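Student: for reference, the sequence and a predicted model appear below.
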Amino acid sequence: MPEWTHIVFRSLGALVVLFIMARILGKKQISQLTFFEYVMGITLGELAGFISTDLEAHYTHGLIAMLVWFTIPFLLELLTLKSIKLRHLLEGKERVVIKEGKVLENNLKKERLTADELLEQLRAKSVFNLADVEFAAMETNGDLSILLKKDKQPLTPSDMNMKKVTEVAPQTVIIDGKIMDEPLATIGLSRGWLRTELEKIGVSVDNVFLGQVDAYQQLYVDLFDDKLQVPAPQGKALLLATLKKSQADLELFAIATRSPAAKAMYETNSAALQQVISDLRPILNG
């Protein structure tokens, strides 16, 4: 058998083993590497490349070496779930680099982080003024966590005494011009409803690159033909306008009627509908 076929089979075998090991170790290995995991990843890759191309080396011995480099980190990871001290030993601890708006130079030196690198990390977090930062810490994965000063933090609905609305993830119902039946069924809609909505905006399903339906059954589409302009969904705006008109009609009825009982009924219902509008405004204006 030619040498290149040996290399192919050895490489495929090493790739399968490496893939299985990576799957067992979990997604953390590709998202947040600690120092130990970084070294382990490099070594496993080197071993896989070595046993794939070195035809004189014993293939089984290479697999055993990979198994050792997999087993020890896997067992240590299980132990770190139960031991804080071991976790700090292997993964390190976060280190505060800015506290109460002041840079801690000694901690920067311990992290071997220069002033330029600190500013670079801040800019990566969209913070361009050091004076805006109240607290910052270097995490074990090398990422910088930042807390802005109170007056520099973005406004939230609670700051403005607005009721927060729980958002529901939209469902993608069209991909590459093809209707996705499962997402449609998830939100209780049919192909007939979808085709009707497409007809309203004058678009064929074949021209839709992506189509999504939100929790309020509004259809958003992105077309293959970018020159075509698609009107924005108006469902929520129309509902809000209808509610306002109904509330205004009730007020007019209350003014026009001569019956005290009818007047009281109209005023009560008008006030109730106004409260409904106030409660729904954060949703319908979104």
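Tutor: Here it is on my side, so go on.
Student: need the helix or strand of the protein with the lowest average pLDDT.
Tutor: Least confident helix or strand, the chain: helix 28-31 with a mean of 48, by mean pLDDT, DSSP states H and E.
Student: list the buried residues of the helix or strand E251 falls within.
Tutor: Element membership for E251, per DSSP states H and E: helix 235-256. Buried residues in helix 235-256, counting neighbours by 16 or more other C-beta atoms under 10 Å, are found at 236, 240, 243, 247, 250-251, 253-254. Glycine gets a C-beta too; all of them are placed from N, C-alpha and C.
Student: could you do stretch 193-207 as well?
Tutor: Within stretch 193-207, the residues that count as buried by 16+ other C-beta under 10 Å are 193-194, 197-198, 203, 205.
Student: mind listing which of those are in helices?
Tutor: Those of these mapping onto helices are 193-194, 197-198, per DSSP state H.
Student: which one of these sits closest to K152?
Tutor: E197 (42.7 Å; C-beta to C-beta).
Student: residues contacting I98?
Tutor: Going by C-beta atoms under 8 Å, 6 or more residues apart in numbering, I98 touches 104, 130, 133-136.
Student: just the buried residues from these, in PyMOL please.
Tutor: Applying 16+ other C-beta under 10 Å to the contacts of I98, the buried members can be selected in PyMOL as follows:
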select buried, resi 104+133+134+136
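Student: of the contacts of I98, which is the nearest to W69?
Tutor: Nearest to W69 out of those is A136 (C-beta to C-beta; 34.9 Å).
Student: low-confidence bits of the stretch 151-286 of the chain, can you list those?
Tutor: 157, 160-167, 234, 283-286 (pLDDT under 70).
Student: for it, just list every one of the helices.
Tutor: 181-186, 191-200, 235-256, 260-284 (DSSP state H, counting those that start in this stretch).
Student: quick one: list the elements packing against the second one.
Tutor: Packing contacts for helix 191-200, counted by 3 or more C-beta pairs under 8 Å, 6 or more residues apart in numbering; DSSP states H and E, involve helix 181-186, strand 208-213, strand 219-223.
Student: switch the ones you listed over to JSON lines; also include mean neighbour count and distance to K152.
Tutor: Listed next are these as JSON lines, based on neighbours: other C-beta atoms under 10 Å; distance: least, C-beta to C-beta, whole Å:
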{"stretch": "helix 181-186", "mean neighbour count": "14", "distance to K152": "40"}
{"stretch": "strand 208-213", "mean neighbour count": "20", "distance to K152": "34"}
{"stretch": "strand 219-223", "mean neighbour count": "18", "distance to K152": "33"}
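Student: quick one: which of the ones you listed is nearest E94?
Tutor: Taking C-beta to C-beta as the criterion, strand 208-213 is the member of these that comes nearest to E94, at 38.2 Å.
Student: parallel or antiparallel, list what pairs with that closest one.
Tutor: Sheet pairing of strand 208-213 (DSSP bridges) gives strand 171-175 (antiparallel), strand 219-223 (antiparallel).
Student: hey, C-alpha coordinates of that strand in PDB?
Tutor: The C-alpha atoms that make up strand 208-213 are tabulated as PDB, following Å, rounded to 0.1, in the frame of the first residue of the first chain:
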ATOM      1  CA  VAL A 208     -38.000  35.700  -0.400                       C
ATOM      2  CA  PHE A 209     -34.500  35.000   0.900                       C
ATOM      3  CA  LEU A 210     -35.500  35.100   4.600                       C
ATOM      4  CA  GLY A 211     -39.000  35.500   6.100                       C
ATOM      5  CA  GLN A 212     -39.700  35.800   9.900                       C
ATOM      6  CA  VAL A 213     -42.900  36.100  11.800                       C
END
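Student: thanks again, I'm all set now.
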